[in-house]
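Trainee: Sequence below, structure please.
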Amino acid sequence: MQSIDAIQKDLLASVAASQTPRDVLKANEYKNLYSKIATLPQAERGAYGKAVNDLKQAVESAIEAREAALEDQTVEPIDVTAPWDNNAGPASLLPTEFGTRHPLSTELETVIDIFTRMGFEAIESRQIDDDHHMFGALNFPKNHPARDGYDTFRTEEGFIPPAHTSTMQHRILKDSKSKLDEGGHIAAISYGRVFRNEDVDATHEHTFYQCEGVYVSQTASLSEMLGTLRAFFESYYGQALKIKTQPAYFPFVEPGLEFAIEKPAALGGKPGEWLEMLGCGMIHPNVLEAAGIDSNKYRGFAWGGGIERLVMFKYGIEDLRYFESGKLAFLRKFKS
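Mentor: Coordinates of the predicted model:
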């Protein structure tokens, strides 16, 4: 035991004085410690082996501490706010002409600009939320299939990466209801990424962008909603458009509609060709009441649709997967 204590003391001293402390592990007195176990009487081997393990841990801890101290001595402080080192020339960066804005970023800004000019407040959606805002406050029944894990992602803690930007609707209504008390109205859009448990193919993605709109007043009507949506699409596609609807079911609106536009001529459309664009309808009274809004006094309409769908139609993009693929040849097509 005394020899182990002496060896440990010598090894620790060597570590403290070395510029390459890990080389101490190559010392013969260190490497031969375990080989001595076989030469000891059986009764002494256990205590000896424990002492050797304790020595090994002490030496390795000392090596790590010494390496950290040496690194602190050699690394100069870095000013992370400086664009490059004071004594060096400009950093070697890729020329800006090689960069392009992602088409979704550009087109999402266009969408937001159109709606804000129409008087809607723009609010970015969340990327993690809870069951209440995602389903409960939106009148989803407890047994609705959208709550199932086959459709919606969930974390181990029970939180949900939102499957639609409607997850913001309850917050918008609740936070803005004072505008109704003052004789005004609620007009807002929410936008951002959403996540679905989808098999990825040319027309389906597990991650994409949506824009949701909500409007509430004492006189809100379907005709107002249809006029609002028609004005948006005419502005976005730059031409007058015909529209049509058909009945659809969504838990948070009643009645619910699917909204379509006549395919714009700029997209190669001909009279009688239609494009389904989004779901919409009059806000369900239960959704208004959940936000503390008197559904006997106020009514509203809401809609929601995918941004990628708008962009694919506008530019003739045939595969939804291109947006998330990182394909430079695709992205460079949108170089301005």
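Trainee: where do the strands sit along the chain?
Mentor: Assigned by DSSP state E, the strands in the chain fall at 121-124, 186-195, 207-217, 243-248, 253-262, 274-283, 299-306.
Trainee: Which of the ones you listed sits closest to Asn28?
Mentor: Among those, the nearest to Asn28 by C-beta to C-beta is strand 207-217 (58.6 Å). C-beta coordinates here come from the backbone N, C-alpha and C atoms, glycine included.
Trainee: List the buried residues for that closest one?
Mentor: Within strand 207-217, the residues scored as buried using 16 or more other C-beta atoms under 10 Å are 208-217.
Trainee: Now render those as a markdown table, adding pLDDT and distance to Glu262.
Mentor: Shown next, in a markdown table, are the buried residues of strand 207-217 (pLDDT from 0 to 100; distance: C-beta to C-beta, whole Å):
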| residue | pLDDT | distance to Glu262 |
| --- | --- | --- |
| Phe208 | 89 | 25 |
| Tyr209 | 94 | 24 |
| Gln210 | 94 | 23 |
| Cys211 | 95 | 21 |
| Glu212 | 95 | 24 |
| Gly213 | 96 | 21 |
| Val214 | 97 | 26 |
| Tyr215 | 98 | 24 |
| Val216 | 97 | 29 |
| Ser217 | 97 | 29 |
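Trainee: Closest to Ile172 out of the residues you listed?
Mentor: Val214 (5.7 Å).
Trainee: thought the closest one was touching Gly304?
Mentor: No: between Val214 and Gly304 there is no contact, the gap being 9.3 Å when judged by C-beta atoms under 8 Å.
Trainee: Can you tell me the centre-most residue of this protein?
Mentor: Gln127 (5.0 Å; C-alpha atoms, centre = their mean).
Trainee: got a list of what it touches?
Mentor: 161-162, 192-193 (C-beta atoms under 8 Å, 6 or more residues apart in numbering).
Trainee: still on that earlier bit, adding distance to Ala27 as columns, could you present the strands of the chain in CSV?
Mentor: Formatted as CSV, these follow (distance: least, C-beta to C-beta, whole Å):
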stretch, distance to Ala27
strand 121-124, 60
strand 186-195, 56
strand 207-217, 55
strand 243-248, 78
strand 253-262, 77
strand 274-283, 73
strand 299-306, 66
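Trainee: For Ala329, which of these is the nearest?
Mentor: Of all the strands of the chain, strand 207-217 comes closest under C-beta to C-beta, at 21.1 Å.
Trainee: Kindly calculate the angle that that closest one makes with strand 186-195.
Mentor: 160 degrees (axes from the mean of the first three to the mean of the last three C-alpha atoms, to 10 degrees).
Trainee: Give me the sheet partners of strand 207-217 and which way each runs.
Mentor: strand 186-195 (antiparallel), strand 299-306 (antiparallel) (DSSP bridges).
Trainee: Reformat those as a markdown table; add mean pLDDT.
Mentor: Putting those into a markdown table (pLDDT from 0 to 100) gives the following:
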| stretch | mean pLDDT |
| --- | --- |
| strand 186-195 | 94 |
| strand 299-306 | 96 |
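Trainee: Tyr249: which of the buried residues of strand 207-217 is nearest?
Mentor: For these, the nearest to Tyr249 is Glu212 (17.4 Å; C-beta to C-beta).
Trainee: Who is that closest one paired with across the strands?
Mentor: In this entry, Glu212 is beta-bridged to Ser190, Gly304, by DSSP bridges.
Trainee: Helices of the stretch 101-250 of the chain, residue ranges please.
Mentor: Ranges of helices in the stretch 101-250 of the chain, per DSSP state H, counting those that start in this stretch, are 103-117, 131-134, 169-181, 222-237.
Trainee: out of the ones you listed, which comes closest to Ala13?
Mentor: helix 103-117 (60.5 Å).
Trainee: Buried ones in the closest one, by neighbour count?
Mentor: 103-104, 107-108, 111-112, 114-115.
Trainee: Can you tell me what sits against that helix?
Mentor: 122, 189, 191, 209, 211, 213, 232, 235-236, 307-308, 310-311, 314-315, 323, 331, 334.
Trainee: what packs against the lowest-mean-pLDDT helix or strand in the chain?
Mentor: In the chain, no helix or strand scores lower on mean pLDDT, DSSP states H and E than helix 28-31, which sits at a mean of 76. Under the contact criterion of 3 or more C-beta pairs under 8 Å, 6 or more residues apart in numbering; DSSP states H and E, helix 28-31 touches helix 2-17.
Trainee: Check which residues of the helix it packs on are buried.
Mentor: Neighbour-count burial for helix 2-17 [16+ other C-beta under 10 Å]: 7-8, 11-12, 14-15.
Trainee: quick one: contacts of that helix?
Mentor: 21, 24, 27, 29-30, 33, 48, 51-52, 55, 58-59, 62-63, 66.
Trainee: Tell me the pLDDT of Gly279.
Mentor: We have a pLDDT of 95 for Gly279.
Trainee: residues contacting it?
Mentor: 248, 250, 253, 256-259, 303-305.
Trainee: Understood, closing this out.
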